[in-house]
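Q: Turn this into a structure:
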Amino acid sequence: MSPLPVDNYPISDTMEQQGTPAQLIFFRLLHKMITNETHSGCIVWLPDGQGFGIPSKQAFTDDILPKYFGQSKFSSFTRRLKRWGFVRKGGGFFCHSEFKREMVFDEDD
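A: Below is the predicted model of the structure:
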């Protein structure tokens with residue numbers, strides 16, 4: 001299922017120029033995971049769409065991570081976020097200057 005963007009906000013030129021294929025794949029998969037409404041109790045967009053939060057770390061680790069990333073360690077997931085430039089905010093929130101709810105990914109990204 002493709003994510004349904006709020007606006008038609010394409011990946012920025014900066015992201016296309018600086019992002020590696022692996023980073024773009026990670027962004028696409030993460031975006032799809034957060035946007036999937038069936039996961040809303042485990043991982044959610046911040047109201048402004050500029051980041052996301054994980055309100056239920058245990059449910060996220062047990063139910064969501066294995067489906068998308070083939071592993072179920074929260075610490076491994078947060079290391080991946082850090083590797084790709086995400087910043088951890090208080091209360092289990094994560095942000096990245098190029099990762100937004102409004103991003104649109106091509107089907108073949």
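
Q: Now the spatially most central residue of the chain: which helix or strand?
A: Taking C-alpha atoms, centre = their mean, the centroid of the chain lies closest to residue 30, which sits 3.1 Å from it. Assessed by DSSP states H and E, residue 30 sits inside helix 21-35.

Q: which strands and helices sit next to that helix?
A: strand 44-45, helix 65-69 (3 or more C-beta pairs under 8 Å, 6 or more residues apart in numbering; DSSP states H and E). Glycine gets a C-beta too; all of them are placed from N, C-alpha and C.

Q: Out of these, which is closest to residue 24?
A: Closest approach to residue 24 among the helices and strands packed on helix 21-35 is made by helix 65-69 (15.4 Å; C-beta to C-beta).

Q: Give me the secondary structure label for the closest residue to residue 100 other than its chain neighbours.
A: Sequence neighbours aside, residue 49 is the residue nearest to residue 100 in space, at 5.6 Å (criterion: C-beta to C-beta, 6 or more residues apart in numbering). Three-state assignment for residue 49 (DSSP: H, G, I helix; E, B strand; the rest coil): coil.

Q: Quick check: residue 49 touching residue 99?
A: No. Taking contacts as C-beta atoms under 8 Å, residue 49 lies outside contact range of residue 99: 9.9 Å.

Q: what is in contact with those two at once?
A: Shared contacts of residue 49 and residue 99 (C-beta atoms under 8 Å, 6 or more residues apart in numbering): none.

Q: Neighbour count for those two, which is higher?
A: Neighbour count, other C-beta atoms under 10 Å: between residue 49 and residue 99, residue 99 has more, with 24 against 16.

Q: Enumerate every residue touching that one.
A: 27, 30, 31, 51, 86.

Q: sorry, back to before: ok, the residue nearest to the centre of the chain - contacts?
A: Residue 30 makes contact with 68, 99 under the criterion C-beta under 8 Å, 6+ apart.
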